[in-house]
Every structure is written in C-alpha cells, then in structure tokens.
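K.L.:
Return atomic coordinates for the entry below.
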Amino acid sequence: MREMRRESPYPLVALDVAQQLIMARVAPLGVELVATLAADGRVLAETLSAPAPSPEVAKAAMDGYALRTDDGLAERRVVAALRPGSAPGLPLEPGTAVRIMTGAPMPAGADAMLPVEQTTEQDGVLRIVRHLQPGEYVHTIGQDVAQGAVVLTQGHGLGAPEVGLLATLGFAQTPVYRRPRVAVLATGDEVCEPGTLRPLGAVYDANRYALLAAVREAGCTVVDLGIARDTYAEQRAAMLQGLAQADVLITSGGVSMGTHDLIKPLLAELGTIHFGRIACKPGQPTTFATIGDQLAFGLPGYPVSSLVAFELCVRPALRALQGDTHPWRPQARVTLTMPIRPSSDRPEYQRVSIQHEDGRLLAYTTGNQGSSRLLSLVGANGLLHVPPAATPYPIGHSLMALLIGPIFS
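P.N.:
Here you go, the predicted structure:
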C-alpha cells in the first residue's frame with residue numbers, strides 16, 4: 001500500500017494549455033481503402049478529383065420528347081423511344097422527334113427537349129405550341145461535375161451526400177484515415193459489473209459503459225478491458241494488455257491521491273506524464289501521458305467528471321487521430337435563465353439544456369451539478385463554461401457553452 005500524500009506533485013495546468021499539450025502529440029493515423037458503401041462517418045485521406053464529367057453524355061431532364069430547335073413550330077414525326085441506360089440511337093433527322101425518359105441520353109442532332117405536358121401527340125405526330133431554345137430541359141455534359149474538378153478535399157468528413165457523390169463518380173473504394181483503436185479500463189475494488197450481485201457499498205461500473213459509448217460515438221473502435229482491482233500488478237497487466245491492442249488507452253478512477261490510486265505511478269513508469277491535473281471543475285485529476293507513440297488518459301472516478309474530461313480533452317484527440325480537421329465541438333453564446341454560482345478559483349463546466357427561443361439561445365440547468373450525478377448529463381446538450389468569480393452570474397447574463405448535442409426550439 002502506498003503512503004497517502006498530502007500534496008500532489010503535479011501542478012495545476014490551465015485547460016487550454018492541457019489541450020495544447022495533447023494536440024501537439026496527435027497526428028492522423030494511417031490510410032486505408034474502404035468500400036464506399038461503408039465510408040460514411042470516416043474522414044477522407046486524399047483529395048479526390050472527378051475521373052470523368054458528370055453527366056458523361058447529354059441527358060433528358062424530364063419525360064418528354066427530344067427535338068431539334070431549328071424545326072421551329074413544325075409538326076414532328078415520332079420515330080423512336082429512348083429509356084435511361086439505352087444507347088442514343090440514330091441521329092435525329094429534321095422533322096422528327098424521339099420520345100425520351102428522364103435520364104436517357106439525348107440522340108445526336110437533338111439540342112433540346114420538351115416535357116410531355118407541353119406537347120400533343122396523335123397517330124405518331126407531335127405538335128408543340130412554343131419555340132424552344134437550345135439546351136432547354138437538357139443536362140449537358142459536365143453540368144454537375146466537370147472532368148478533373150476537385151470534388152472532395154483531404155480531411156473532409158464523409159456523410160450521405162459525399163458517399164452518393166463518390167458513387168456517382170464511380171469510386172467503389174475510398175481512401176480514409178484509419179479509425180483509432182481505443183482501450184477502456186475501469187479500476188477499483190468497489191466497482192462491479194452491472195447485472196452481477198453488488199456487495200453493500202459497491203458501485204456498478206457506469207464509467208466504463210459510458211466511456212465505451214462515448215468512444216464509439218467519436219468514431220473509434222473500442223477494446224473493452226473490463227475492471228481491474230486496486231493492485232499494482234493487476235492494473236499494470238491490464239494497461240499493458242490495452243496498449244498491445246490499441247492506439248489510445250483510457251482509464252477511469254485511481255488518479256487522485258489515495259493509497260490505492262495507482263494510475264499516475266503506472267503511467268509514469270510506462271511512459272511520460274505531460275500533465276497530472278487540470279485547473280477545471282469537474283475533472284481536476286485528469287492525467288495525460290504518452291507511452292511511445294500511444295496516448296494514455298487517466299480520467300477521474302466520478303462518472304460526470306470522467307465524461308466531462310472526455311469531452312474536453314479526449315474526444316478532440318480521437319477526432320484528430322482519424323484525420324478530422326475540425327475536431328473541436330462547436331461553441332455558442334447562451335443566455336442564462338437561472339443564476340449560476342461559479343467556483344472561486346477555477347473555471348467550471350456546468351451541464352445545461354440549450355433551447356432556441358425568440359431568436360436567442362437560452363440555457364436551462366439540468367439540476368444538481370454533483371460529479372456523481374449522471375442525471376445532470378442526461379438530456380444536456382451543452383457544457384456551460386463558467387469562469388471563476390466571487391458572485392453569481394445573474395439571469396440574463398450570457399456565457400459561452402460547448403455544444404455536445406443538437407439544439408431544438
């Protein structure tokens with residue numbers, strides 16, 4: 001058993017400094033090819049250009065008739081019909097027309113088309129009532145994308161429109177940054193697996209469950225290390241197991257100054273600790289280390305502290321590892337609907353529900369802000385940045401908030 005220390009050997013580091021120390025040691029991981037069908041949620045690793053124009057041939061924009069505009073208002077003889085995917089067929093001679101469906105290629109000689117609603121056809125003879133201009137209702141070659149045009153740049157996040165665009169241009173595979181593998185370990189003799197018999201005084205393992213979900217939401221692959229008891233040998237073995245399988249190691253608990261708080265000594269033994277405390281509430285004992293090229297985060301044992309520290313320090317690093325050029329959550333200025341009591345000595349991130357009302361973003365408290373009360377995060381879509389002050393911030397005052405979820409009216 002370690003002797004309990006009265007004062008931490010690690011100085012308090014400002015949050016922005018801590019974030020800089022982390023991000024200075026983060027670079028995108030390797031590149032891999034994935035099926036475009038499964039590329040959503042990934043980050044593009046190369047700038048891509050269109051290998052061909054889109055469309056590659058002129059196509060009908062609607063169902064109707066392909067025409068020659070130089071025939072004027074004269075009647076046309078309908079000589080053929082074209083469907084999407086068919087060949088353009090024979091050139092269109094003067095005085096003739098072709099029935100054509102949306103997306104079918106325009107026949108040679110036709111320079112416009114007219115929707116079926118604007119025509120009359122009887123016994124194979126087409127009549128129109130207005131003059132056409134060349135190009136009407138025609139998707140021209142390269143109208144959507146010119147050949148060689150840059151369509152997506154390196155670092156672009158891929159969603160449904162991007163996947164559709166890649167498929168349109170014929171990319172069956174897409175180069176993306178590799179997803180980080182993240183190992184998550186819970187520590188503590190008092191921690192029990194949900195669903196098992198819980199001894200009096202023990203707690204179910206909320207931290208590991210929540211962190212595994214947060215890691216998946218950040219786009220990473222998880223490695224579940226389970227629970228390690230408060231022995232040096234067991235925690236060390238579990239941490240080494242995680243480091244053997246993952247790019248990033250996250251632990252929860254064991255980072256304070258108790259006799260069984262072993263994470264900081266283990267991280268110091270295995271690698272280099274870059275900070276061991278941050279000037280922030282909650283999450284003060286958050287620890288960051290590197291072990292070779294791998295990142296290791298020791299997060300606090302209280303569930304709210306653990307998740308808030310994850311949002312502030314870990315999630316941006318995980319997003320940057322997979323090539324995200326904008327890894328930070330967005331921020332917005334919000335108006336208080338209740339007085340907020342600040343800490344006197346360090347910034348605090350209080351959990352709030354932010355709603356859009358009457359052209360303003362209004363922040364509502366989620367109740368008791370205790371670090372053990374996960375209900376304060378349930379339904380929260382913002383972390384309110386509360387600077388230290390001697391007196392409460394009044395109703396109507398505005399503060400910045402980190403947006404961790406969608407905002408509704």
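K.L.:
which helices and strands sit right next to the host helix or strand of Leu243?
P.N.:
Assessed by DSSP states H and E, Leu243 sits inside helix 232-245. In this structure, helix 232-245 makes packing contacts with strand 181-187, strand 221-228, strand 248-252, helix 263-270, strand 294-299, judged by 3 or more Cβ pairs under 8 Å, 6 or more residues apart in numbering; DSSP states H and E. Using the backbone N, CA and C atoms, a C-beta is placed for each residue, glycine as well.
K.L.:
For His131, find the nearest of these.
P.N.:
Nearest to His131, of all those, is strand 221-228, at 61.7 Å by Cβ to Cβ.
K.L.:
List the buried residues in the closest one.
P.N.:
By 16 or more other Cβ atoms under 10 Å, the buried positions in strand 221-228 come out as Val222, Val223, Leu225, Ile227, Ala228.
K.L.:
The nearest residue to the second one once chain neighbours are set aside: how many residues sit nearby?
P.N.:
Leaving aside its chain neighbours, Val223 sits nearest to Ala183 (4.0 Å; criterion: Cβ to Cβ, 6 or more residues apart in numbering). If you count neighbours by other Cβ atoms under 10 Å, Ala183 ends up with 25.
K.L.:
With the one 4 residues further on instead?
P.N.:
Other residues near Thr187 number 31, with proximity taken as other Cβ under 10 Å.
K.L.:
could you measure it against Pro330, distance?
P.N.:
Separation of Thr187 from Pro330 (Cβ to Cβ, to the nearest Å): 33 Å.
K.L.:
and if you look at Val43?
P.N.:
Distance from Val43 to Pro330, by Cβ to Cβ: 17 Å.
K.L.:
thinking again about what came up before, with just CA atoms, put the helix holding Leu243 into CSV.
P.N.:
The C-alpha trace of helix 232-245 is given here as CSV (Å, rounded to 0.1, in the frame of the first residue of the first chain):
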residue,chain,number,x,y,z
TYR,A,232,-0.3,-2.7,-8.9
ALA,A,233,0.1,-6.0,-10.7
GLU,A,234,-3.5,-6.3,-12.0
GLN,A,235,-3.7,-2.7,-13.2
ARG,A,236,-0.3,-2.8,-14.8
ALA,A,237,-1.2,-6.1,-16.6
ALA,A,238,-4.5,-4.7,-17.8
MET,A,239,-2.9,-1.4,-19.1
LEU,A,240,-0.2,-3.4,-21.0
GLN,A,241,-2.9,-5.6,-22.5
GLY,A,242,-4.7,-2.4,-23.7
LEU,A,243,-1.5,-0.9,-25.1
ALA,A,244,-0.8,-4.1,-27.0
GLN,A,245,-4.1,-3.8,-28.8
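K.L.:
what angle sits between it and strand 294-299?
P.N.:
130 degrees (axes from the mean of the first three to the mean of the last three Cα atoms, to 10 degrees).
K.L.:
tilt between helix 232-245 and helix 263-270?
P.N.:
Angle of helix 232-245 versus helix 263-270, following the same axes, to 10 degrees, is 60 degrees.
K.L.:
so where do the strands sit in the stretch 51-200 of the chain?
P.N.:
Using DSSP state E, counting those that start in this stretch, the strands of the stretch 51-200 of the chain run over 59-60, 64-67, 76-82, 96-100, 112-115, 119-122, 125-128, 138-139, 150-152, 173-177, 181-187, 191-192.
K.L.:
for these, which one sits closest to Thr272?
P.N.:
Going by Cβ to Cβ, the one of those nearest Thr272 is strand 181-187, 18.5 Å.
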